[in-house]
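Undergrad: What follows is a protein structure lacking sequence information:
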């Protein structure tokens, strides 16, 4: 049995849905499915993912972590986000992980991850991570406020298969850490990679806008902020959002160069 099996589709409604229903041969370590286009690709909650056909990297990966308690399942999202960030960092500097699951370049979103874990008897029986990475798309016409692609950053196209291989290599490493119970090590790497991990920044919750710094992310994924007046407050996903100025990309891309 191969440790990684990668399936390639021209089009599907959702790579996550495809893997949930897939009954064929699986890799002993992970099973990956990619699609040139998703007709119903989505992000967290009701969010959708804009992607021009054949331009970006859209895939899902299914793994079966060993001995991972349900209460620690956030480590899978951390591992996936870190693997994406590491893969992108082969091409340029400045990539960070925006809590809880996005990857940013400066103040712009280049990738998002959707995690679906199946729980059985208090443990994670299987986990599917759906990932979208903006690779070669030059313009975005949707209502997302701050998308960016590798093409915008580099001014040239990137081999999507190469990027996928870089992700698989990195995720293999992080999955080994998960299976070895090294959750604290992954969490430390995730925390050190956070977008806006230092300094005071603008945020918004149900009460309005405020200024705060990130104090920590709990192992279960909750975000703890320290407001400017010293008050500490803990948030679940969707209870607080970053206030980010809308960036303006120059036409043609090529914001950085790297040899």
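TA: Received, thanks. Just so it is clear, the model here is predicted, and its values are computed rather than measured. Numbers count the residues shown, from 1 in each chain.
Undergrad: From the centre of the protein, give me the residue that's furthest out.
TA: In the chain, residue 229 marks the outermost C-alpha relative to the chain mean, sitting 31.7 Å out by C-alpha atoms, centre = their mean.
Undergrad: That residue and residue 211: what is the separation?
TA: Using C-beta to C-beta, to the nearest Å, we find residue 229 at a distance of 9 Å from residue 211. In short, each C-beta sits where N, CA and C put it, glycine included.
Undergrad: same deal with residue 32?
TA: 41 Å.
Undergrad: higher neighbour count, the two?
TA: Neighbour totals were compared for residue 32 and residue 211, and residue 32 leads with 23 against 14 (other C-beta atoms under 10 Å).
Undergrad: Please look at that one and residue 168 and confirm they touch.
TA: Yes. Using C-beta atoms under 8 Å as the test, residue 32 is close enough to residue 168 to be in contact (6.7 Å).
Undergrad: Quick check: neighbours shared by these two?
TA: Between them, residue 32 and residue 168 share the neighbouring residues 4, 6, 61, with contact defined by C-beta atoms under 8 Å, 6 or more residues apart in numbering.
Undergrad: and of these, the nearest to residue 103?
TA: For these, the residue nearest residue 103 by C-beta to C-beta is residue 61; the value is 15.2 Å.
Undergrad: what's the spacing between the helix or strand hosting the closest one and its chain's center?
TA: For residue 61, the host element (DSSP states H and E) is strand 57-63. The chain centre lies 11 Å from the centre of strand 57-63; the measure is C-alpha atoms, centre = their mean, to the nearest Å.
Undergrad: Direction included, what does it pair against?
TA: Counting by DSSP bridges, the strands paired with strand 57-63 are strand 30-38 (antiparallel), strand 123-133 (antiparallel).
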